[in-house]
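Novice: whatever this is, show me its structure:
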Amino acid sequence: MTVTTSPTSPGPPVADHRVLAPAFRMAASHRPPPPDDRVLGAFAWVTALGVIGLAVALRGLAAINAGIDPAWYQPTLAALGTCGVVLAVAGMVAAHRTGPRSRTPWILLALATVPTAVNLLLTATAL
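Specialist: Numbering: from 1, shown residues only. Take a look at the predicted model:
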């Protein structure tokens, strides 16, 4: 990475933007945007996961604050919730960055559904 100082102001070194730009690029003009139905479907799926996850988290928080949760519940809720969020975010990024016929976003969103469903079942049965 090339680091230079600004000739107009004596300040800290500034990283060359041409080196960092490829690492943080999103959709560019040379790459077509994803199809609208693909993005809409992915957003609908992620929204459903988010609503269910929020309901589970609020119920779990109420049980934890009331002290009626089993000892294994809090770490399990946190671990499965984190896995679900990471997979859902990866699915949304894949929906924007992969080709129009790629199955990667749908596979990642299906995988994100598993920890969310397990959290829902554990919350329904344990509390």
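Novice: if I pick Thr76, what's in contact with it?
Specialist: Contacts were defined as CB atoms under 8 Å, 6 or more residues apart in numbering; by that measure Thr76 touches 119, 122. Backbone N, C-alpha and C define where each C-beta goes, glycine included.
Novice: quick one: low-confidence ranges for this structure?
Specialist: Applying pLDDT under 70 to the chain flags the ranges 1-31.
Novice: try 50
Specialist: Along the chain, the parts satisfying pLDDT under 50 run over 23-24.
Novice: what kind of secondary structure is the spatially most central residue of it in?
Specialist: For the chain, the residue nearest the mean C-alpha position is Val89 (2.0 Å; CA atoms, centre = their mean). With DSSP: H, G, I helix; E, B strand; the rest coil as the basis, Val89 sits in helix.
Novice: distance of it from Asn65?
Specialist: From Val89 across to Asn65, the span is 27 Å (CB to CB, to the nearest Å).
Novice: ditto for Ala48
Specialist: Per CB to CB, Ala48 is found 26 Å from Asn65.
Novice: tell me which of the two has more neighbours.
Specialist: Between Ala48 and Asn65, Ala48 has the larger neighbour count (other CB atoms under 10 Å), namely 13 against 9.
Novice: what separation is there between the nearest residue to Ser102 once chain neighbours are set aside and Val51?
Specialist: Using CB to CB, 6 or more residues apart in numbering and skipping the chain neighbours, the partner closest in space to Ser102 is Ala94 (7.2 Å). Remark: distance between Ala94 and Val51 (CB to CB) = 21 Å.
Novice: which one's more surrounded, those two?
Specialist: Neighbours were counted for Ala94 and for Val51 using other CB under 10 Å; Ala94 has more, 19 against 10.
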